[in-house]
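Colleague: quick one, what's the 3D model for this:
(one chain, ligands or ions: 1)
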Amino acid sequence: MRTPIIAGNWKMNNTIKDALELVNGIKSQELNKDVEAVVCVPFTAIRDVKEALDGTNIKLGAQNMHWEENGAYTGEVSPLMLKELEVEYCIIGHSERRQYFNETDDTVNKKIKSALAHGIKPIVCVGETLEEREAQKAEEVVKNQVVKGFKDISEEDIENIVIAYEPIWAIGTGKTASSDDANAMCKFIRETIGELYGDIKENIRIQYGGSVKPNNIKELMEKSDIDGALVGGASLKSDDFVKLVNY
Ligand code: 13P
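Modeller: Purely as a prediction, here's the structure:
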């Protein structure tokens, strides 16, 4: 039985003041306890959000991290720094980081390994562009991202990873993949995990991300292989985020 996981990816939004307003808005409402709710917040707001979340079931996440513990990497944040703030999840390899900050499957792999070694659960993003989908290459691209991203990761560790399938053409565009297409790719990802790790594939949680809103979450979550959602825009409004968690 896979516990559903709804994670908000705030991206580069919310000052500390805005972040607290949003979290307090979420906290003030009843959340389905059978669903894991996570907020992935900007580094600058982590400490304050952590305090605000104390005593709730809402989990704290970051949006990126370096793989080294420390060193001459100006502007980067290390797993030790996140651990100190009791961050439980970290998004790794989001398409925006791959696209704008040159992240590769190799750096994604290093980050996943480092996160796991520090007890941080990675939410690993994969997904194809529109051109790749139109050229019938979506499965090939996503499989490649999974195989390379998960290189040398042990069977023991794999269960602490959440995978987010986020087709790039559906992010922030209002174009959601149809629930059938989203499910087909999540199923394909699960099969790929099966090829690499065997039956453990049934325990791995796979989220869909890309224009998930309160009005389409239910249909997505009803699908066999979609175990949650990674949500951008709709996670920035407390009422919408609560509706997503309470789908
Ligand atoms: P939107 O929900 O705004 O489309 O963003 C999806 C996303 O990139 C979550 O990581």
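Colleague: please count neighbours and contacts with C-alpha atoms only from this point.
Modeller: OK.
Colleague: which parts of the chain are strands?
Modeller: 5-9, 36-40, 59-62, 89-92, 121-126, 162-165, 205-209, 228-231 (DSSP state E).
Colleague: okay, the ones you listed in a markdown table with distance to residue 196 next?
Modeller: Converted to a markdown table, these look like this (distance: least, C-alpha to C-alpha, whole Å):
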| stretch | distance to residue 196 |
| --- | --- |
| strand 5-9 | 23 |
| strand 36-40 | 26 |
| strand 59-62 | 27 |
| strand 89-92 | 20 |
| strand 121-126 | 16 |
| strand 162-165 | 14 |
| strand 205-209 | 15 |
| strand 228-231 | 22 |
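Colleague: give me the neighbour count for residue 195.
Modeller: 12 (other C-alpha atoms under 10 Å).
Colleague: which residue of the protein lies farthest from its centroid?
Modeller: For the chain, the residue at maximal distance from the C-alpha centroid (C-alpha atoms, centre = their mean) is residue 72, at 27.5 Å.
Colleague: residue 138 versus that one, what's the distance?
Modeller: Residue 72 sits at a distance of 37 Å from residue 138 (criterion: C-alpha to C-alpha, to the nearest Å).
Colleague: and the chain, which residues reach the ligand?
Modeller: 9, 171, 172, 209, 210, 211, 212, 230, 231, 232, 233 (C-alpha under 6 Å from any ligand atom).
Colleague: hang on, the earlier thing: OK, contacts around the residue farthest from the centre of the chain?
Modeller: By C-alpha atoms under 8 Å, 6 or more residues apart in numbering, residue 72 lies in contact with nothing.
Colleague: gap between the residue nearest to residue 161 when sequence neighbours are not counted and the ligand?
Modeller: Leaving aside its sequence neighbours, residue 161 sits nearest to residue 122 (C-alpha to C-alpha, 6 or more residues apart in numbering; 5.3 Å). Remark: distance between residue 122 and the ligand (C-alpha to the nearest ligand atom, to the nearest Å) = 13 Å.
Colleague: kindly report the same for residue 75.
Modeller: Distance check for residue 75 against the ligand: by C-alpha to the nearest ligand atom, it reads 22 Å.
Colleague: use 18 as the first number from now on
Modeller: Sure, I'll start numbering at 18, so the last one becomes residue 92.
Colleague: show me what contacts that residue?
Modeller: Applying C-alpha under 8 Å, 6+ apart, we find residue 92 in contact with no residue.
Colleague: and if you look at residue 227?
Modeller: With C-alpha under 8 Å, 6+ apart, residue 227 has these contacts: 183-194, 247-249.
Colleague: repeat that for residue 33.
Modeller: Applying C-alpha under 8 Å, 6+ apart, the residues contacting residue 33 are 61, 62, 65.
Colleague: residue 235 now?
Modeller: Counted by C-alpha under 8 Å, 6+ apart, residue 235 has contacts residue 264.
Colleague: pLDDT score for it?
Modeller: Residue 235 is assigned 98 on the pLDDT scale.
Colleague: buried stuff in stretch 178-191?
Modeller: 178, 179, 180, 181, 182, 183, 184, 185, 186, 187, 188, 189 (16 or more other C-alpha atoms under 10 Å).
Colleague: in TSV: these, plus pLDDT.
Modeller: Converted to TSV, the buried residues of stretch 178-191 look like this (pLDDT from 0 to 100):
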residue	pLDDT
178	98
179	98
180	98
181	98
182	98
183	97
184	97
185	95
186	91
187	92
188	90
189	86
